[in-house]
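# Sequence plus the predicted model coming up.
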Amino acid sequence: DIQLTQSPSFLSASVGDGVTITCRASQDVSSFLAWYQQKPGKAPKLLIYGASSLQSGVPSRFSGSGSGTEFTLTISSLQPEDFATYYCQQVNNYPLTFGGGTKVEIK
Amino acid sequence: EVQLLESGGGLVQPGESLRLSCAASGFIFTNYAMSWVRQAPGKGLECVSVISASGGSANYADSVKGRFIISRDKSKNTLYLQMNSLRAEDTAVYYCAKHRDRTGQTEGDFWGQGTLVTVSS
């Protein structure tokens, strides 16, 4: 199975800050990587697919990059509604796997 | 508007069975792969099972292989997860998700609200 390692697992930031979350895959997943946002008690929401394509309706302050084994999710200017947990997922190989998550909290 | 409504969760004892359902609407059900993703209390996400748009192929996490069966009924626009020989470690919120296209190797672009399964004696 492909393991996805996210870093950091927790980050504290202020409204207006730019933040970057990293996802490293244990083997090459090409560009078959997605990012999700999850708020407490809610279902995950797709933000980015194909490593860098913005899902419809997602604000442009979210962006994704990378290929192969290293990927990043960047939020250019944190808004109050962005405080949540973020997960990466690879869809290159079965079983589809998720990273352990990055919790973004208000400083 | 895409809607996914899960049902069937509840409290069961170890070794028992449960069937989850996910009623889909707002899209052409037979055009998209579907999956079940679970989240244990306070933990991360795990993709339990994926089924292709046709229903002809399915994939399972090692943790549930041989115990869970995913299926879909195109006449009812409903996705199912038959869970047998349940264990305490199966306790989680179970989400159904619609994939972006026919194959399972795509992202989940719409998710249901989840149904809680608790396995405890």
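That came in fine, so what should we check first? Numbers count the residues shown, from 1 in each chain, chains lettered A, B, ... in the order given.
# Can I get stretch A:65-79 in PDB, CA atoms only?
Included here for stretch A:65-79 are C-alpha records, laid out as PDB according to Å, rounded to 0.1, in the frame of the first residue of the first chain:
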ATOM      1  CA  SER A  65       1.400  21.600  -6.600                       C
ATOM      2  CA  GLY A  66       3.800  18.700  -7.000                       C
ATOM      3  CA  SER A  67       4.100  15.400  -8.800                       C
ATOM      4  CA  GLY A  68       5.700  12.000  -8.100                       C
ATOM      5  CA  THR A  69       6.200  11.700  -4.400                       C
ATOM      6  CA  GLU A  70       6.100  15.300  -3.000                       C
ATOM      7  CA  PHE A  71       3.100  17.600  -3.000                       C
ATOM      8  CA  THR A  72       2.000  20.800  -1.400                       C
ATOM      9  CA  LEU A  73      -1.200  22.500  -0.500                       C
ATOM     10  CA  THR A  74      -0.900  26.300  -0.100                       C
ATOM     11  CA  ILE A  75      -3.500  28.700   1.300                       C
ATOM     12  CA  SER A  76      -2.300  32.100   0.300                       C
ATOM     13  CA  SER A  77      -4.200  34.100   2.900                       C
ATOM     14  CA  LEU A  78      -6.000  32.300   5.700                       C
ATOM     15  CA  GLN A  79      -9.600  33.200   6.300                       C
END
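# in it, what's buried?
A:G66, A:T69, A:F71, A:T72, A:L73, A:I75, A:L78 (16 or more other C-beta atoms under 10 Å in any protein chain shown). C-beta: built from backbone N, CA, C; applies to glycine.
# Over to stretch A:77-95?
For stretch A:77-95, a neighbour-count test (16+ other C-beta under 10 Å) marks A:78, A:82-92, A:94-95 as buried.
# what does stretch B:98-115 give?
Of the residues in stretch B:98-115, B:98-100, B:104-112, B:114-115 count as buried by neighbour count, 16+ other C-beta under 10 Å.
# Widest-spaced pair of those residues?
Maximum pairwise distance among these (C-beta to C-beta): 25.1 Å, between B:Q105 and B:T115.
# Now do the most centrally placed residue in chain A against B:S120, distance only.
What sits nearest the mean C-alpha location of chain A, by C-alpha atoms, centre = their mean, is A:W35, with 3.8 Å. For A:W35, the distance to B:S120 under the criterion C-beta to C-beta, to the nearest Å works out to 34 Å.
# if we look at chain A, which of the buried residues of stretch B:98-115 are close to it?
B:R100, B:G104, B:Q105, B:T106, B:E107, B:G108, B:D109, B:W111, B:G112, B:G114 (C-beta under 8 Å from any C-beta of the partner chain).
# Hmm, which of these is lowest in pLDDT?
Lowest pLDDT within those is found at B:G104 (82).
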